[in-house]
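S.K.: next come a sequence and a model predicted from it.
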Amino acid sequence: MSNSNSTEIIRAGLKKRYAREKRFRLFGIASLMISFAFLLVLLFTIVSKGWPAFQQTYVKLDIELDESVLKVNSNSDEDALYSANYQKVVRASLNKMFPGVSGRKKKRDLRNIVSNSAAYTIRDDVLAEPKLLGTKQTYWFLAKDDIDVFMKGKIDRNLPEDERRLKDYQFEWIDKLIEEDRLEKRFNTVLFSNGDSREPEQAGMKGAIMGSLFTMLVTLMLSFPIAVAAAAYLEEFAPQNNKWVDIIEININNLAAVPSIVFGLLGLAVYINYFGVPRSTPLIGGLVLTLMTLPTIIIASRAAIKSVPPSIKEAAIGLGASRVQTLFQHTLPLAMPGILTGTIIGMAQALGETAPLLMIGMIAFVAEVPTGVLDPSTVMPVQIYLWSDSPERAFTERTSAAIMVLLGFLVAMNLIAIMLRKKFERRW
Amino acid sequence: MKKLPILLGATLSLLSTSNFAAGRDYIEIVGSSTVYPFATVVAETFGKKTKFKTPKIESTGSGGGLKLFCSGNGIDTPDITNSSRRIKQSEVDLCEKNGVSNITEVQVGFDGIAIANSKKGPTFDLSLKDVFLALAKEVPGEKEGEFIANPYKTWKDVNSSLPDTKIEVLGPPPTSGTRDAFAELALEGGCKKIDWIKAMKKTDKNKYKEVCHTVREDGAFIEAGENDNLIVQKLVSNKDALGVFGYSFLDQNSDKVKGAIVDGVEISFENIADGKYAVSRPLYFYVKGDHVGKVPGIAEFLTEFTSEDAWGDDGYLTEKGLIPLSEEKREEVGSAARELKVLSLDAS
């Protein structure tokens, strides 16, 4: 009797319990959908804004390398060739194509059809081959950012003239150039082959990518051995139930939660002011980011070492191996996939970090591509920040493109981490 | 695992080559974020035109830049610092104390601060007094000598000829040099128009400064961060709001936003250069004379910066929004810079 009574009670409550479960599932799905929607919106805005930056407009000009205009000839020495005013022949070519342009503003707009890198392109060609002087050459130059923005359809020519950056006479020039097949959009190799520039059409990410690479190299070379050694000691050698070891452990775990800007301040005070490490270099960046990634890698490495079954270690010791031999020949190789995963995730974190770099002078304009850890450089997230803060309109799309490149690197690193785990992970 | 010691060794050797102070083959520049866009263009052109390396430029703000600049005379300190205001006596003293006595001052031009709104909104015709009354934390009350918390909600409350829209101004945070200049030129400029407050400058200087420089905190003035592009974007989406930012951003976004008329003068290149537009300030950079000759290229960099190609009426800096000095002034400042004339604050 009592039995059927409790069944009754359960049955009565059943509907409510099912409903509760259903509700909970719906909540779960809803939160998943919300986060997914945010991700999609984020990716969509970045990709739709950044996509055009992978193309760049070029202008074809016929350049007469007139020796009398340049005031040099093929027998001139290198210094004379280097410092000749090549801008003049570019202007002459434009003036020939569009005769009768007068007024200061219009003249300036005319020479601003091509980027000012044109003169340096010619200079480098002439330096390599002085015989070019006196001949007529056809060049494809980078178009100035305003022309580029228009060619990508970002300027509406139906707007009243004073509400757009390009004026009617500039449209006439552009129309003529298009008619003569002198404007062409190509894949933007500049974005990957140049360092930073204040002219959007010449700005590239190579400096930032190399800077990130050197910084990561320093970080990896320092944090990996230190972290693995620390983790191995704490797991395998440190005395159990020792007050000091406990304090150290708690501190490492706390360190992982310290805001990264604090490490920047520490780096400024200790490395720069005390040891005199030069500002704005990958070396100082790497040193600071090492501090930041150490706790992450130590924690991951300890978990990986802990998960190696004691039977393996005991077997090795039982066969006469010393504890160091056991560690290096058995425990560490077996824990390596986990350690590497932690390292890569720590590195990915460091790659996207800007806050600590603010303090150590890596938020800087560096036009030259760094060639070593002691050259001034920036890193990719800093480059994104600097471009987003630039007044020129064409930098907006480049900012998004730079974000895409950075995201690409991060996704690649995380993929490698996942693949390593999949490939080498062993279940005991 | 045999790689571990090798890695460690490589790292150590990397660190031990740390004879950092040995020398630097590039110019190091720090300082104002307002001068940054101009200094970078000169640096880039200098790097391409000459065989010297491109200078490295950090944007640290005027105060931060001068602090770094004055921290010592060694080669590990910056060679040049940019500033959107003149160096202060206290900073000269700090420099002196740290052995930096040979400083050359170069004024590069002017920067206008725009008060702008969306093209879709009405054109504002503001006087500096309107700006002060709309944005100050405390405004004069009924009686002379009395201050009340700013009661104005709409522009019409401030001045009946202005539109009947809510006062909503987006501007830079207090850490920004633009904000300092805005407070000094626009707010204090308007503050001074009220005679009895102006008289207070002599009697109670602290109170005068407090009243004239403090921006209201009740939500009418919104601190929008250092990113001027962000302010422009917000103005486009909210046509009733006004924004405060540098002239170069107005120039680049002239299809989206328009500058307000201040004291009857439209913000334009010519009006700032003539000094007619009230909210404009001079920009400077300071050179450490003792580094010339030690760090290659400083003299040549000065020559490039002070060439007509760069800072002239038709130079490439004006394309980036710099308002040039007058021709005579350019000649005077330029030759002083090339001769590395030592700064003295009493002169000029």
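M.R.: Received it, and whenever you're ready, just let me know what you need.
S.K.: any low-confidence regions in chain A?
M.R.: For chain A, the stretches flagged by pLDDT under 70 are A:1-3, A:428.
S.K.: most centrally placed residue in it?
M.R.: Nearest to the mean C-alpha position of chain A, counting by C-alpha atoms, centre = their mean, stands residue A:380 at 3.1 Å.
S.K.: how about the residues of the stretch 151-300 of chain B near chain A?
M.R.: With C-beta under 8 Å from any C-beta of the partner chain as the criterion, the stretch 151-300 of chain B meets chain A at residues B:226-229, B:246, B:248-249, B:251-255. For glycine as for every other residue, the C-beta is placed from the backbone atoms N, C-alpha and C.
S.K.: who are the contact partners of residue A:131?
M.R.: Contacts here follow C-beta atoms under 8 Å, 6 or more residues apart in numbering or on different chains; on that basis residue A:131 touches residue A:74.
S.K.: pretty sure residue B:299 sits against residue B:338.
M.R.: Yes. Using C-beta atoms under 8 Å, residue B:299 is in contact with residue B:338, at 7.5 Å.
S.K.: for residue B:115, identify the helix or strand it belongs to.
M.R.: According to DSSP states H and E, residue B:115 maps onto strand B:103-118.
S.K.: could you do residue A:148 as well?
M.R.: helix A:145-151.
S.K.: hmm, back to that, does the strand holding residue B:115 reach chain A?
M.R.: No. Shown here: strand B:103-118 not in contact with chain A (C-beta under 8 Å from any C-beta), separated by at least 11.3 Å.
S.K.: from chain A, how far out is residue B:37?
M.R.: Going from residue B:37 to chain A by C-beta to the nearest C-beta, to the nearest Å gives 7 Å.
S.K.: go on, residue B:159?
M.R.: In terms of C-beta to the nearest C-beta, residue B:159 sits 27 Å off from chain A.
S.K.: what does residue B:341 give?
M.R.: Separation of residue B:341 from chain A (C-beta to the nearest C-beta) stands at 27 Å.
S.K.: and the longest helix for chain A?
M.R.: helix A:2-50 (DSSP state H).
S.K.: heading C-terminal from that helix, find the next helix or strand.
M.R.: Criterion used, DSSP H and E; the element after helix A:2-50 is strand A:55-64.
S.K.: break chain B into its domains for me.
M.R.: Domain assignment for chain B by automatic domain parsing gives B:23-110+B:282-338, B:112-280.
S.K.: that older thread, return the distance of the strand holding residue B:115 from the chain's centre.
M.R.: 6 Å (C-alpha atoms, centre = their mean, to the nearest Å).
S.K.: do the helix holding residue A:148 and chain B meet at all?
M.R.: No. Using C-beta under 8 Å from any C-beta, helix A:145-151 stays clear of chain B, coming no nearer than 9.9 Å.
S.K.: centre of the chain versus that helix, how much separation?
M.R.: Here the centre of helix A:145-151 is set off from its chain's centre by 25 Å, with C-alpha atoms, centre = their mean.
S.K.: what sits up against that helix?
M.R.: With C-beta under 8 Å, 6+ apart, helix A:145-151 has contacts from A:56-57, A:59, A:112-113, A:115, A:143, A:155, A:165-166, A:170, A:174, A:183, A:185, A:199-201, A:392-394.
S.K.: and these, which are buried?
M.R.: Buried members of these, counted by 16 or more other C-beta atoms under 10 Å in any protein chain shown: A:56-57, A:59, A:112-113, A:115, A:143, A:155, A:165-166, A:170, A:174, A:183, A:199-201, A:392-394.
S.K.: those residues: which ones sit near chain B?
M.R.: The residues of these that also fall near chain B, by C-beta under 8 Å from any C-beta, are A:112, A:155, A:165, A:199, A:392-393.
S.K.: in TSV: these, plus distance to residue A:375 and secondary structure.
M.R.: Formatted as TSV, those follow (distance: C-beta to C-beta, whole Å; DSSP: H, G, I helix; E, B strand; the rest coil):
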residue	distance to residue A:375	secondary structure
A:112	32	coil
A:155	38	coil
A:165	36	coil
A:199	22	coil
A:392	26	coil
A:393	31	coil
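S.K.: pretty sure residue A:49 is in contact with residue A:400, am I right?
M.R.: Yes. Applying C-beta under 8 Å, one finds residue A:49 in contact with residue A:400, separated by 3.9 Å.
S.K.: looking at those two, which one has more neighbours?
M.R.: Remark: of residue A:49 and residue A:400, residue A:400 carries more neighbours, 21 against 17, as counted by other C-beta atoms under 10 Å in any protein chain shown.
S.K.: surely the more buried one forms part of a helix?
M.R.: Yes. Assessed with DSSP: H, G, I helix; E, B strand; the rest coil, residue A:400 lies in a helix.
S.K.: apart from its neighbours in sequence, what residue is nearest it?
M.R.: residue A:50 (2.9 Å; C-beta to C-beta, 6 or more residues apart in numbering or on different chains).
S.K.: now do the contacts for that neighbour.
M.R.: Contacts of residue A:50 by C-beta under 8 Å, 6+ apart are A:397-404.
S.K.: so which strand or helix has the residue of the stretch 1-150 of chain A found nearest chain B?
M.R.: Here the residue of the stretch 1-150 of chain A nearest chain B is residue A:120; by C-beta to the nearest C-beta that distance is 5.4 Å. In the assignment (DSSP H and E), residue A:120 maps to helix A:117-128.
S.K.: what about the strands in chain A?
M.R.: Applying DSSP state E to chain A gives strands spanning A:55-64, A:136-142, A:183-187, A:364-365.
S.K.: what residues does stretch B:325-336 touch?
M.R.: With C-beta under 8 Å, 6+ apart as the criterion, stretch B:325-336 contacts B:104, B:106-110, B:273, B:306, B:308, B:311-313, B:324.
S.K.: same check, this time on stretch B:172-183
M.R.: B:32-34, B:61-62, B:84-85, B:113, B:171, B:212-213, B:215, B:223-226, B:228, B:244-246, B:279, B:281.
S.K.: how does it look with 6 Å?
M.R.: The contact list for stretch B:172-183, computed with C-beta atoms under 6 Å, 6 or more residues apart in numbering or on different chains, reads B:32, B:34, B:62, B:84, B:113, B:213, B:223, B:226, B:244, B:281.
S.K.: just stretch B:43-59 next, same as before
M.R.: Applying C-beta under 6 Å, 6+ apart, the contact partners of stretch B:43-59 are A:120, A:197-198, A:280, A:361, A:364-368, A:376, B:25-30, B:33, B:36, B:39-40, B:296-297, B:300-301, B:304.
S.K.: swap the cut-off to 7 Å and go again
M.R.: Counting by C-beta atoms under 7 Å, 6 or more residues apart in numbering or on different chains, the neighbours of stretch B:43-59 from elsewhere in the structure are A:120, A:197-198, A:280, A:361, A:363-368, A:376, B:25-30, B:33, B:36, B:39-40, B:296-297, B:300-301, B:304, B:316.
S.K.: can you select the buried ones among the residues you listed for me in ChimeraX?
M.R.: Buried subset of those, written as a ChimeraX selection, criterion 16+ other C-beta under 10 Å:
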select /A:120,197,198,280,361,363,364,365,366,367,368,376 /B:26,27,28,29,30,33,36,39,40,296,297,301,304,316
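S.K.: show me the contacts of stretch B:43-59 that map onto helices.
M.R.: A:120, B:36, B:39-40, B:300-301, B:304, B:316.
S.K.: identify, from those residues, the entry nearest to residue A:41.
M.R.: residue B:36 (32.1 Å; C-beta to C-beta).
S.K.: returning to what we had before: let me know the secondary structure of the residue nearest to the residue of the stretch 1-150 of chain A closest to chain B when sequence neighbours are not counted.
M.R.: Of all residues beyond its chain neighbours, the one nearest residue A:120 is residue B:48 (5.4 Å), with distances taken as C-beta to C-beta, 6+ apart. For residue B:48, the secondary-structure state derived from three-state DSSP is helix.
S.K.: number of residues surrounding residue B:48?
M.R.: Using other C-beta under 10 Å, residue B:48 is surrounded by 16 other residues.
S.K.: go on, residue A:121?
M.R.: Residue A:121 sits with 18 neighbouring residues when counted by other C-beta under 10 Å.
S.K.: swap in the one 4 residues further on?
M.R.: By the measure other C-beta under 10 Å, the count of residues near residue A:125 is 16.
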